[in-house]
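Engineer: The sequence and its predicted three-dimensional model are supplied below.
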Amino acid sequence: MQPTTRRRFLQVSGAGALSAASGGLTGILASGRAPAFAQGTTLHWVRGSDYVPVSDQMLRGKILEQCQKDLGIKFNLETVDGLTIQARTTAAIQSGSGPDIICQINNWAQLYGDSAADVSDIAEEIGKAQGGYYETSKAIAFDGKKWIAVPNTIVGLQIVNRSSWWNEIGYGPEKYPETWEEWREAGKKLKAKGHPLGQTLAHAFGDANAFWYPYLWSWGGKEVEADGKTVVLNSPGTIESVKFAVGLWKDACDDGGFAWDDSGNNRAFLSGTISATNNGASIYLEAKKKPDTYKTEDGKPLKDDIFHAPLPKGPAGPFSWHVPFADMVMGYSKNQKAAKDFLRWFHSEKIYEQWWVTQQGFSVGPTKVWENNKLWQEDPIMLPFRTAAESGHFAGYAGPANRKAAEVISKYIISDMYAKAVQGTPPEEAVKWAHGELVKIYT
């Protein structure tokens, strides 16, 4: 993705937001008739291609076909590489035309809040009916005054591990390293056996941020104070975290991680190159789907040699990050009411569950009601994901996950800080550089 300046981010935010009321859906569904406004309406929805392909199939087929029957709305569903979404959003806002709904990843919606329709009525309704939102879901879709997007889901993150290789060095599901020091020592042993740990240091929007942000927090480092204004990255905790990361990378990690996008570590794990990586459940689900394709060295299904564990804790404790998604109704759209009615309909438990169960636990849902779904009883390997999002924080912590935090994450400043140090920049200088970049954004 091309580098993006602060000026460019701010230029696309002035299109203005239009709100539209969305009432009467219960009556519409009860009557069995599509609303008059929606007759012949076609909505254009852009979202990232799903890492669980069957979920896209369910969405394109049964769910959107049912939507046409229930609401009279047809769909142009466009699934794209997640890395292209920001460019698509920027272009659409600048031209004042384009998709009616764009699914944003991380807290990208905060960059475009002034150009989004107010969806507070829908978001509040869904949250109230479904046990409330996880902190991460609200942080990325609520700007402090209104909801600028409807939370779509959260992809839970855990470390996926090769059971047999960890057992060889005295670890496993029941005994896993609790601290970064223990994880580094274990990784050193695994790397000596040709089974290094795997972690990206490239510009991967999910995997890079989902590891390096909570890693930073666990050492006591943070971007800003709770006021969301005072930059405090250049601190003893941050510097220590960078110093330790240099040793961790040298001792335990696969150097190939410098080039991995969000699927690079998946390929490395499935090919037997690495022993562990922080990821969603897609690696395990792929191995489970194709047991005859992915096997261990002794010919057994790889799916039976996998377990999941949370990130180790640092001096400041354990932290986690999980990847949120939220649907933004665009302010320029002439179909805002239809778009909002669709999102309300889609997130009703009866409809949303049809999509959510195809995720098999890869997505934990944006609201807490999904923790109680019977799906979690079906596969014990997936159980660590059930409540993973409860401990999650997001970019900008300890401040809000606002537009400035979104700009920081979009420029990969935190992960680049670690990458620079691993590549030879003295830790103090890497931290000083990152701190300076944050000051440019936050002040």
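Structural biologist: Perfect, I can see it now.
Engineer: So which residue is dead centre in the chain?
Structural biologist: Centroid-nearest residue in the chain, with CA atoms, centre = their mean: residue 323, separated by 1.6 Å.
Engineer: Show the model's pLDDT score for it.
Structural biologist: With respect to pLDDT, residue 323 scores 91.
Engineer: Name the nearest residue to it, ignoring sequence neighbours.
Structural biologist: residue 155 (4.3 Å; CB to CB, 6 or more residues apart in numbering). Backbone N, C-alpha and C define where each C-beta goes, glycine included.
Engineer: Is residue 138 in a helix, a strand, or coil?
Structural biologist: Three-state assignment for residue 138 (DSSP: H, G, I helix; E, B strand; the rest coil): helix.
Engineer: For the stretch 1-150 of the chain, which segments count as strands?
Structural biologist: Assigned by DSSP state E, counting those that start in this stretch, the strands in the stretch 1-150 of the chain fall at 41-48, 73-80, 101-105, 150-155.
Engineer: would you turn the ones you listed into JSON lines with mean neighbour count?
Structural biologist: Below are the strands of the stretch 1-150 of the chain laid out as JSON lines (neighbours: other CB atoms under 10 Å):
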{"stretch": "strand 41-48", "mean neighbour count": "20"}
{"stretch": "strand 73-80", "mean neighbour count": "16"}
{"stretch": "strand 101-105", "mean neighbour count": "26"}
{"stretch": "strand 150-155", "mean neighbour count": "27"}
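Engineer: now those strands in CSV, with distance to residue 382 and mean pLDDT?
Structural biologist: Converted to CSV, the strands of the stretch 1-150 of the chain look like this (distance: least, CB to CB, whole Å; pLDDT from 0 to 100):
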stretch, distance to residue 382, mean pLDDT
strand 41-48, 22, 96
strand 73-80, 24, 96
strand 101-105, 22, 97
strand 150-155, 13, 97
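Engineer: Switch those over to JSON lines; also include distance to residue 271.
Structural biologist: Formatted as JSON lines, those follow (distance: least, CB to CB, whole Å):
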{"stretch": "strand 41-48", "distance to residue 271": "24"}
{"stretch": "strand 73-80", "distance to residue 271": "25"}
{"stretch": "strand 101-105", "distance to residue 271": "26"}
{"stretch": "strand 150-155", "distance to residue 271": "22"}
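Engineer: How is the chain partitioned into domains?
Structural biologist: For the chain, the structural domains run 6-155+323-391, 158-321+411-442, going by automatic domain parsing.
Engineer: Mind checking these for the one nearest to residue 399?
Structural biologist: Proximity to residue 399, assessed across the domains of the chain by CB to CB, is greatest for domain 158-321+411-442 (3.3 Å).
Engineer: Quick check: residue 283 vs residue 112, distance?
Structural biologist: Note on residue 283: its distance to residue 112, by CB to CB, to the nearest Å, is 32 Å.
Engineer: Please identify which of these two sits among more neighbours.
Structural biologist: When residue 283 and residue 112 are compared for neighbours, residue 112 comes out ahead with 27 against 24, by other CB atoms under 10 Å.
Engineer: looking at it, that one is touching residue 332, isn't it?
Structural biologist: No. Counting by CB atoms under 8 Å, residue 332 is not a contact partner of residue 112; they are 11.2 Å apart.
Engineer: hey, what's in contact with both of those two?
Structural biologist: Counting by CB atoms under 8 Å, 6 or more residues apart in numbering, the residues touching both residue 112 and residue 332 are residue 93.
Engineer: I appreciate the help and will end here.
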